[in-house]
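Q: Attaching a predicted model along with its sequence, questions to come.
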There are 2 protein chains.
Amino acid sequence: MKVLVIGANGQIGKHLVSFIQESDELEARVMIRKQEQASYFEDLGAEVSVVDLEGDIEEIAKAAEGVDAIVFTAGSGPHTGKDKTIMIDLDGAVKTIEACKIAGVKRYVMVSSFDTTRKAIQEAPESFAPYVAAKHYADEWLKATDLDYTIVHPGLLTNDEGTAQVSLSETGEPDEVPREDVARVIVASLENDSTISKEFQVVKGNTSIEEAIQSI
Amino acid sequence: MKVLVIGANGQIGKHLVSFIQESDELEARVMIRKQEQASYFEDLGAEVSVVDLEGDIEEIAKAAEGVDAIVFTAGSGPHTGKDKTIMIDLDGAVKTIEACKIAGVKRYVMVSSFDTTRKAIQEAPESFAPYVAAKHYADEWLKATDLDYTIVHPGLLTNDEGTAQVSLSETGEPDEVPREDVARVIVASLENDSTISKEFQVVKGNTSIEEAIQSI
């Protein structure tokens, strides 16, 4: 299964590409913005496409040709400029979803925000609400397609070392989660079709990822 | 026909409420953010609901109870803060669309931007693209509902006196258009069911609004 990682050069993205390359079932192609980011991924044995997520859908679709799945883990987090929030977290995501349709890719894993419900938009602090709204509309766009989607809603991301143990839930309490474990959950989602048409929150916990994924 | 005007206190909104109140077929209710804006509209004989577009859908739905149509002409234009772009032009619009469903309102007229196509997003100057994207997603959300919608795409808005003559087209050349004439086109759209499920661009021109609306 060949997986195109959008946002490979991000912190989750780098863990993810490593885990994909270690997996027996998966291999990675990365979509990166700058040629100088390529060697890091080439050293991991990944294919590289240099395409700007702010460019045309057709360019993204070309990068997606021949892959079996797309993982969207690009984006800014809540603290980039507000114009990037809509252009990357919403419009960038939608363009990759539309690119799937052009390239004939059926499987799509979205790395979302912890809570992207309407209620979360309304209750978010004013500076955070635009990010939640952007992620909300990207998730809604994805769910309205007939792609085989999974939406992963991670808690507060940390750079702590992963434990390969998590807690998955539909609507749980917010908590921290190491980026490394989020990347492992993405891999487990790609490897388990039971995650198709599902979305779940991920925080640190005491259940092995394999077991947690099986039980959702 | 009772019409709830969202964004009544804006420049198009004020013209619109006046024209609605002059019409034999229409009467206005306005949704405004601040109580001190109320007397202007009460003097025109309009009903007033003080509701913040950034608040809950349920509040907006209450403001929409008993009306026959909503006109969305709120928003910022391209030069407000980028966080307002997503929270007003996209999320605010979507909330009024969802409020229609709750309140049982079928008719919806959206004041959009001149060109909200994918191509327009890609070709917009970087500072303008987030606004085009926000309007694009609001329009797309509306078109995916089963509301009786009309989407009005005005050209470059001016405060010139209106002429009651315009040029309407599906995809025309950009040009100026007085806000007053945009307001007249909205009224004509509400009065002509032939505009349902249609969208069109409006610039200044030489055709009477009535005739232009009939021919789309």
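A: Good, I have the coordinates.

Q: how about the longest helix anywhere in chain A, does it reach chain B?
A: In chain A, taking DSSP state H as the definition, the longest helix is helix A:129-143. Yes: counting by Cβ under 8 Å from any Cβ of the partner chain, contacts between helix A:129-143 and chain B involve A:129, A:130, A:133, A:134, A:137. For glycine as for every other residue, the C-beta is placed from the backbone atoms N, C-alpha and C.

Q: Distance from the chain centre to that helix, please.
A: Relative to its parent chain, helix A:129-143 has a centroid offset of 13 Å by Cα atoms, centre = their mean, to the nearest Å.

Q: got the angle for that helix vs helix B:129-143?
A: If you take axes from the mean of the first three to the mean of the last three Cα atoms, to 10 degrees, helix A:129-143 sits at 50 degrees to helix B:129-143.

Q: what's the angle between the next helix or strand after helix A:129-143 and helix A:129-143?
A: Once the chain leaves helix A:129-143, the next helix or strand it forms, by DSSP states H and E, is strand A:148-154. Computed by the same axes, to 10 degrees, the angle separating strand A:148-154 from helix A:129-143 equals 160 degrees.

Q: which parts of the next helix or strand after strand A:148-154 are buried?
A: Going down the chain from strand A:148-154, the next helix or strand is strand A:156-158, by DSSP H and E. The neighbour-count criterion (16 or more other Cβ atoms under 10 Å in any protein chain shown) identifies residue A:157 as the buried residues of strand A:156-158.

Q: do stretch A:91-108 and chain B meet?
A: Yes: Stretch A:91-108 lies within reach of chain B by Cβ under 8 Å from any Cβ, at A:91, A:94.

Q: quick one: that stretch to chain centroid distance?
A: Mean-position distance between stretch A:91-108 and its chain equals 13 Å (Cα atoms, centre = their mean).

Q: which outside residues touch that stretch?
A: Stretch A:91-108 is contacted by residues A:4, A:6, A:53-54, A:57-58, A:60-72, A:74-75, A:110, A:138, A:141-142, A:145, A:147-150, A:190, A:196, B:121, B:133, B:137 when judged by Cβ atoms under 8 Å, 6 or more residues apart in numbering or on different chains.

Q: follow-up on the earlier one: packing partners of the longest helix of chain A?
A: With contacts defined as 3 or more Cβ pairs under 8 Å, 6 or more residues apart in numbering or on different chains; DSSP states H and E, the packing partners of helix A:129-143 are helix A:91-103, strand A:107-111, helix A:118-123, strand A:148-154, helix B:82-84.

Q: Most tightly packed of those?
A: Highest mean neighbour count of the helices and strands packed on helix A:129-143: strand A:107-111, a mean of 25 (counted as mean count of other Cβ atoms under 10 Å in any protein chain shown).
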